[in-house]
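J.: Here is my input; please provide its structure:
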Amino acid sequence: MRHLLIFTVATLLLTACHKQPERPSPVNQHPQMHYLDLGNAEVKYLQGKGFDINGDGKTDFWFHVQLVGDPLLQRDRLQFIASSTIHSNLLNDPDDHSPVLNRMDPISPIMVGYDWWEISAIVLTEKIMMIAGSYWEGAWKNAVHKYLPIQLETQGKNYQGWVELTFDMDKEKLILHRAALCTEAEKEVKAGY
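T.: Numbers count the residues shown, from 1 in each chain. Okay, here's the model as predicted:
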């Protein structure tokens with residue numbers, strides 16, 4: 001009986017002192033996102049497209065095309081524009097351009113060289129038309145499934161997201177594939193994730 005008692009006590013001591021291996025916490029786990037299928041909507045001259053990313057019934061971002069005449073330089077410009085509204089922000093550099101992001105590029109509350117601007121308008125690309133001919137300018141002119149960073153402000157907190165875009169120069173149209181918005185405030189997200 002005594003041996004059984006010693007064996008039981010020894011077993012209890014050994015199992016009590018044995019540490020369970022700690023499971024590592026997930027590192028760099030991507031925050032939860034809300035996705036919106038934009039149905040490959042086409043944005044052409046006289047055909048704009050807006051969408052409500054957070055479902056509050058208000059258009060948050062608007063994509064449209066405008067024709068601007070320049071009689072002094074004797075040229076016209078067909079501009080493809082992304083616009084933000086109240087409490088929605090676009091990322092602007094000092095020249096009012098937004099970066100063309102690839103899949104998995106980071107989108108943060110603070111982006112070096114850029115500022116988030118409410119009620120902003122960014123010319124993504126434009127066709128310059130002159131008597132001698134025409135050509136395209138702008139960072140988005142060759143975009144195929146690239147990502148425009150967006151941000152939404154709700155109750156004083158900012159939520160990062162993106163819009164997936166393609167531009168077709170031949171057919172002069174912008175294609176809106178999908179958009180996503182982080183469900184957690186002030187978190188960095190990855191474009192296309």
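J.: ok, so what distance separates residue 39 from residue 157?
T.: Counting by Cβ to Cβ, to the nearest Å, the gap between residue 39 and residue 157 amounts to 29 Å. C-beta coordinates here come from the backbone N, C-alpha and C atoms, glycine included.
J.: hang on, I meant residue 105
T.: 23 Å.
J.: Which of those two has more residues huddled nearby?
T.: Using other Cβ atoms under 10 Å as the criterion, residue 105 and residue 157 rank with residue 105 on top: 17 against 11.
J.: Settle this for me: that one is touching residue 190, isn't it.
T.: Yes - assessed by Cβ atoms under 8 Å, residue 105 is found in contact with residue 190 at 7.0 Å.
J.: residues making contact with the strand or helix carrying residue 69?
T.: Here residue 69, judged by DSSP states H and E, is contained in strand 61-70. Contact with strand 61-70 is made by 43-51, 53, 76-85, 88, 90, 150, 163, 174, 176, 179, as judged by Cβ atoms under 8 Å, 6 or more residues apart in numbering.
J.: Mean confidence (pLDDT) on it, please.
T.: Across strand 61-70, pLDDT averages out at 96.
J.: and if you look at stretch 105-124?
T.: 96.
J.: buried residues in that stretch?
T.: Neighbour-count burial for stretch 105-124, counted by 16 or more other Cβ atoms under 10 Å, picks out 105, 107, 111, 114, 116-117, 120-124.
J.: ranges for the strands of this structure?
T.: 33-43, 49-51, 61-70, 75-84, 88-92, 106-107, 115-118, 121-130, 133-137, 146-154, 157-168, 173-182, 189-190 (DSSP state E).
J.: All good on my end, thank you.
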